[in-house]
Structure formats: C-alpha cells, structure tokens
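S.K.: any chance you could fold what I've pasted below:
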Amino acid sequence: MRFICYCIFILFPIHLAAQCSSPQPKKSVIATVEGSLATVKILDARPDERYHIFRASFSSATFEEIATTSSPQFSDITVDPSAGSYCYYVTTENSCGQMSEPSSSTCTIHLKGRGRTLQWNSPFPNQSIVIQYKVSKIDAPPIDVSNWINSERFTLTQQAQPNDTYRVTATTTIQVNGQPVTTELYSSLYELIDLPAIYVPDAFSPNNDNVNDSWVITTYLIQTFRLQLFDRTGVEIFTADTPTNTWNGILPDGTSATSQVYTYLINATDFFNENWQQTGKVLLLK
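M.R.: Residues are numbered from 1 along each chain as shown. Below is the predicted model of the structure:
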C-alpha cells in the first residue's frame, strides 16, 4: 500500500503597524518681510513632515489656520505687512498623521513712525531672545543710519527728508537642530511723509528796498517755538516766541544793528511732542 502525504500551508497576512511617536514642536520658526510679502521660514524642517500655518494680527490673540505645506517656507500673499504686524505659529504633522504642539509664535516687524521717531515691534514677543536692530535708508544707494541697537525705537536726525524710505534689519542667533545659527529678519518699509521742519535763512538785508528786509523763519508741524539771537560778543539782541515775530535788524535800544554775522538758538517742540534744538548763523547785510 502506498501512502501519499499532502502538506497544506495556510498563509495569514501580517500587518506591520508603523511605529510613530508624536512629533516635537518646531523651535526655529521665523517670520520676515521679503519685498511686499510676509514670509514664514521653518529652519529646522524635515522632508517627511507637513506644517499647518496659523496666523493672527499683532493686535489679536486669535490664531486661525491659513495653510498647510510640506515646504520649509511659506509666503502669505493675503496680508499687507506695511499695514501692521502679523504673528504666526506652526504645528507639525508626521507621516502617521500625528500632530505636534504649536511652535512659539513669531511676528513680522512692522515699522512705523511719528515725525522723526521710528518704532517697531519685536519679532519674538513672547520669547527671551537677544535681538539687535539696525535702521537703514534704502533709497539708492542704501545707507545705514544707525549702528546695531537693542532698542525698538530710533530718532532720525534733522537731516531726514520727506519721502525718505526706511527699513529695519533684526539679527539674532537661534538654535537650529542644536546648532547656533545667526539669522536676519527684515521689517516692512516706512516712508517719511509729514516731517516737521524749521527753515532759517542764512542772510537778509534790512535796507528798506522791500526785498528780504526782515529775517523770516518758517516752520512746519512745529507746536512751540523759542528763538534767541546773539551778536558776536554773546549779547542777546532779539527773542521771539513765534516764527511770525520776525526781526528787522533793530536792536533793543532802537538803533539799527551793524552788518555782521549773528548766532541764533532755536528750541521747539513739534506736534509729535519731540524736542528740537537748532543753532546756526545769519548774516546781516546792508
């Protein structure tokens, strides 16, 4: 008798579950202004992650999700950085669909001004990060008008002119994957429009020919005004508390002043409550 044996193999599918752990929140997220766009950069991004971008205006504490991307950089085309600061944070989604906690928020730098004083916000409002700033006039050719400073405020000199355009550069060192990296952030642009000014002629001729017979000072956006005029020996010969009070070359004793160079001192306050002090010389011709 012959026996035939059969072997039966039963195959069971084996399911290998992906081993995932919740992703850590990103620690190296920055927001900067590039051209006219607010741009969010994730410096410690990974190719196997997706990022959910949340945004709030600087004056609001309410964040809303605005985009999802796998790119380490996101340009927000729906906002105008010159209108205000916008803050962002990101959450990280791994390949298993797990979400991280939010990153720390970062904000675009909004540059604004009152008269000659420029002000801006920190790009990291809720973090203890050392930041230095530099103010530049970007009209061709670009010129730095300040050294690196720690303040978020800078007063321009009286040589600043209307229509000058300025930008702030912030520099800081942050940790990217455990390594220190120095990075620069840029503010929105700010153009000087209404700038207080004091215009002082450097000569006049009180000879009764109806041409430049009085020394006339003109001002713009100046609230308070005090003028003192001195002769070459330092004696005060004329004062005025308003620029409309002009000098016609007559001394306090009623005699005519001689032809010489006189020195003036102006102390004023503009409508932005900034103090002005201006000195110079004026030539009296006869």
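S.K.: tell me which element the closest residue to Thr78 other than its chain neighbours falls in.
M.R.: Spatial nearest neighbour of Thr78, excluding adjacent residues (C-beta to C-beta, 6 or more residues apart in numbering): Ile66 at 7.3 Å. Yep, even glycine has a C-beta here, placed from its N, CA and C like the rest. Element membership for Ile66, per DSSP states H and E: strand 64-69.
S.K.: and that strand, which strands flank it?
M.R.: According to DSSP bridges, strand 64-69 has the following sheet partners: strand 50-57 (antiparallel).
S.K.: hey, where'd the strands end up in the stretch 1-150 of the chain?
M.R.: Assigned by DSSP state E, counting those that start in this stretch, the strands in the stretch 1-150 of the chain fall at 29-34, 37-42, 50-57, 64-69, 73-76, 86-93, 106-107, 112-114, 117-119, 132-137, 143-144.
S.K.: and of those, who's closest to Thr244?
M.R.: Across those, Thr244 has its closest neighbour in strand 112-114 (25.7 Å, C-beta to C-beta).
S.K.: what packs against the closest one?
M.R.: Where contact means 3 or more C-beta pairs under 8 Å, 6 or more residues apart in numbering; DSSP states H and E, strand 112-114 is packed against strand 117-119.
S.K.: avg pLDDT for the strand it packs on?
M.R.: If you average the pLDDT over strand 117-119, you get 92.
S.K.: in it, what counts as buried?
M.R.: Neighbour counts using 16 or more other C-beta atoms under 10 Å place 118-119 of strand 117-119 among the buried residues.
S.K.: would you mind pulling the contact partners of that strand?
M.R.: If you take C-beta atoms under 8 Å, 6 or more residues apart in numbering as the criterion, strand 117-119 is touched by 111-113, 135, 152-156, 166, 168, 190, 272, 274.
S.K.: could you rerun that using 6 Å?
M.R.: Residues outside strand 117-119 that contact it (C-beta atoms under 6 Å, 6 or more residues apart in numbering) are 112, 153-155.
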